[in-house]
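**Student:** need a 3D model of the sequence below.
(one chain, ligands or ions: 1)
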Amino acid sequence: MRKGRFAAGLLGAAAAVVFLSLSAHSPHTTAQPSKVRPGLKPPGPGIYEIVQEFPVGGPMQTAWKVRYAANARVGLMIAGAWFKTGPRDGWTKILENVRLSEIFVPYNDGETRLYDIGAAGAYSLERHTQADAGPNGKLLHNGQVVRELRDDGVLWKYYNQVRRAQDLTLWATLGATNYNYITEYSFRCDGSFSCRLGSTGKNLSNHETMGHMHHGCWRIDLDLGDPQHNSAYLVKWAERKGKAKDTVEPFNNGVEGGAVWNAEEFTRVRIQSNQKNAQGNFTSYELVPLRHGSPRHRGHREEFTHHDFWVTPYVWNEQYYVNLPQYVAKKRRITDTNVVLWYLTSAYHLPRDEDGIFLGPNGQAQVRGVALATWCGFEMRPRNLFEKSPLYP
Ligand SMILES: [Cu+2]
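**Tutor:** Here you go, the predicted structure:
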């Protein structure tokens, strides 16, 4: 066990939710998880590359090189990312692959369980226009992918000095019948990146007033430096008798498996390489949760929701989130090897009048309107990638 310094985490307050069913219908729209591996495609044709230097307009201080693929099976997937910590530094590999393995949508009735990637199969990658892309956006791939350069507020401020955060953002939209899912990846000038899922469109018919979750089931294949020598750790904070301590312990005792996010521990997962920065410290990335709560579902084959984080060793054909309980039953080692991190991000959608629901005279829902986007996601933050504060004087 090692002691680690504490990096401040962003934490959403757990929201208490109350289920209100106003629907007179008894829905029976049930889909099962996919039996095939969705979206399994080897790298090669169909992979595109973007290099973005920061600050925008120069002179260059840092840069991201990002490869992506966009097709109707995986939606928008990052197929490699490298970061440059300075104008004279080489590219450091950060990511081999990140994508949504599944979007699971369980409704509060316990019957309607939709797998919007694996089993629905009816979705498409939507085309966007300049109205989608906004003033700083560019359309790629006949409009299927939007590339934006975003100003993301203050990154650092000290009296009369300031640094604005700038992001290279790629996003695409999956059309899944009544819902549109926005998959968004943002690569920031300081080496951090975030992945988000936005759920929007229109509420499911006959379920317009029923609470439900949109779970983004992410497969995150970090490759830090030499990918054969990465290790997974769980990082926790605890205060006892007025003094706080940080602990860094091997994830699940160094064996593949799951872990639970604990709000009182600021739980994070650290993927550490065997490479050191110029200060002699190991380079790692930490998954910083941005969450409102932790769902636990008890339906058929829903054990994958019983943990918030999972780590497995890399195996090319282990791609499907729902199969995680079977994968980890092999109890393979997840230290000093090529590891894959899996993470469930949840958006609870309790319909409201703003979703455009009217109740008719017979008590049945009459729907006129839209479901505004609800977002969930996570941030990956570098640790000891730089040997000093990046970007600043
Ligand atoms: Cu919803």
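**Student:** switch to C-alpha atoms for all contacts and neighbour counts from now on
**Tutor:** Will do.
**Student:** ramachandran angles for Asn252?
**Tutor:** The phi and psi values for Asn252, taken as degrees, to the nearest 10, are phi 50, psi 40.
**Student:** just use 9 as the starting number from now, easier for me
**Tutor:** Fine by me, first position is 9 from now on; the one you just mentioned is Asn260.
**Student:** quickly list what Glu192 is bridged to.
**Tutor:** Per DSSP bridges, the residues bridged to Glu192 are Trp179, Arg204.
**Student:** close enough to count as contact, it and Leu182?
**Tutor:** No: Glu192 is beyond contact range of Leu182, at 11.2 Å (criterion: Cα atoms under 8 Å).
**Student:** between those two, which one's more packed in?
**Tutor:** Using other Cα atoms under 10 Å as the criterion, Glu192 and Leu182 rank with Leu182 on top: 26 against 22.
**Student:** CA atoms only for the helix or strand hosting Asp175 - export them in PDB, please.
**Tutor:** Using DSSP states H and E, Asp175 sits in strand 169-184. Output of strand 169-184 as PDB, limited to C-alpha atoms (Å, rounded to 0.1, in the frame of the first residue of the first chain):
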ATOM      1  CA  GLN A 169      -2.900  36.700 -14.100                       C
ATOM      2  CA  VAL A 170      -5.300  34.300 -15.700                       C
ATOM      3  CA  ARG A 171      -5.400  31.300 -18.000                       C
ATOM      4  CA  ARG A 172      -8.500  30.200 -19.800                       C
ATOM      5  CA  ALA A 173      -9.200  26.500 -20.400                       C
ATOM      6  CA  GLN A 174      -9.400  25.500 -24.000                       C
ATOM      7  CA  ASP A 175     -10.800  22.200 -25.300                       C
ATOM      8  CA  LEU A 176     -10.800  20.200 -28.500                       C
ATOM      9  CA  THR A 177     -14.200  18.700 -28.400                       C
ATOM     10  CA  LEU A 178     -15.600  16.000 -30.800                       C
ATOM     11  CA  TRP A 179     -19.200  14.900 -30.600                       C
ATOM     12  CA  ALA A 180     -21.700  12.900 -32.500                       C
ATOM     13  CA  THR A 181     -25.400  11.900 -32.200                       C
ATOM     14  CA  LEU A 182     -26.900   8.500 -32.100                       C
ATOM     15  CA  GLY A 183     -30.500   8.400 -33.100                       C
ATOM     16  CA  ALA A 184     -32.300   5.600 -31.100                       C
END
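**Student:** quick check: buried residues in it?
**Tutor:** Burial within strand 169-184, assessed by neighbour count using 16 or more other Cα atoms under 10 Å, is assigned to Ala173, Gln174, Asp175, Leu176, Thr177, Leu178, Trp179, Ala180, Thr181, Leu182, Gly183, Ala184.
**Student:** swap in stretch 61-74?
**Tutor:** Using 16+ other Cα under 10 Å as the test for burial, stretch 61-74 gives Glu61, Phe62, Pro63, Val64, Gln69, Thr70, Ala71, Trp72, Lys73, Val74.
**Student:** tell me the one of those residues nearest Lys165?
**Tutor:** Pro63 (16.1 Å; Cα to Cα).
**Student:** isn't the closest one right up against Asp175?
**Tutor:** No: Pro63 is not in contact with Asp175 according to Cα under 8 Å; the separation is 9.6 Å.
**Student:** so what's in contact with these two at the same time?
**Tutor:** Cys197 (Cα atoms under 8 Å, 6 or more residues apart in numbering).
**Student:** what secondary structure does the nearest residue to Pro398 once chain neighbours are set aside sit in?
**Tutor:** Spatial nearest neighbour of Pro398, excluding adjacent residues (Cα to Cα, 6 or more residues apart in numbering): Asp198 at 6.5 Å. With DSSP: H, G, I helix; E, B strand; the rest coil as the basis, Asp198 sits in coil.
**Student:** contacts only, for Asp198.
**Tutor:** Asp198 neighbours (Cα under 8 Å, 6+ apart): Thr70, Ala173, Pro398, Leu399.
**Student:** and it, its phi and psi?
**Tutor:** The phi/psi pair for Asp198 (degrees, to the nearest 10) is phi -90, psi 10.
**Student:** look at stretch 142-159 and report the distance between its end residues.
**Tutor:** 13 Å (Cα to Cα, to the nearest Å).
**Student:** quick one: the helices in the stretch 159-308 of the chain?
**Tutor:** Along the stretch 159-308 of the chain, no stretch is classed among the helices by DSSP state H, counting those that start in this stretch.
**Student:** that one: strands as residue ranges?
**Tutor:** 169-184, 187-196, 201-209, 220-230, 239-248, 251-258, 265-267, 276-284, 290-298 (DSSP state E, counting those that start in this stretch).
**Student:** for Asp159, which of those strands is the nearest?
**Tutor:** strand 169-184 (4.8 Å).
**Student:** let me see the mean pLDDT of the closest one.
**Tutor:** Strand 169-184 shows a mean pLDDT of 95.
**Student:** any idea of the angle it forms with strand 187-196?
**Tutor:** 150 degrees (axes from the mean of the first three to the mean of the last three Cα atoms, to 10 degrees).
**Student:** and the contacts of strand 169-184?
**Tutor:** 60, 62-64, 83-84, 124, 128, 130-135, 152-165, 188-198, 400.
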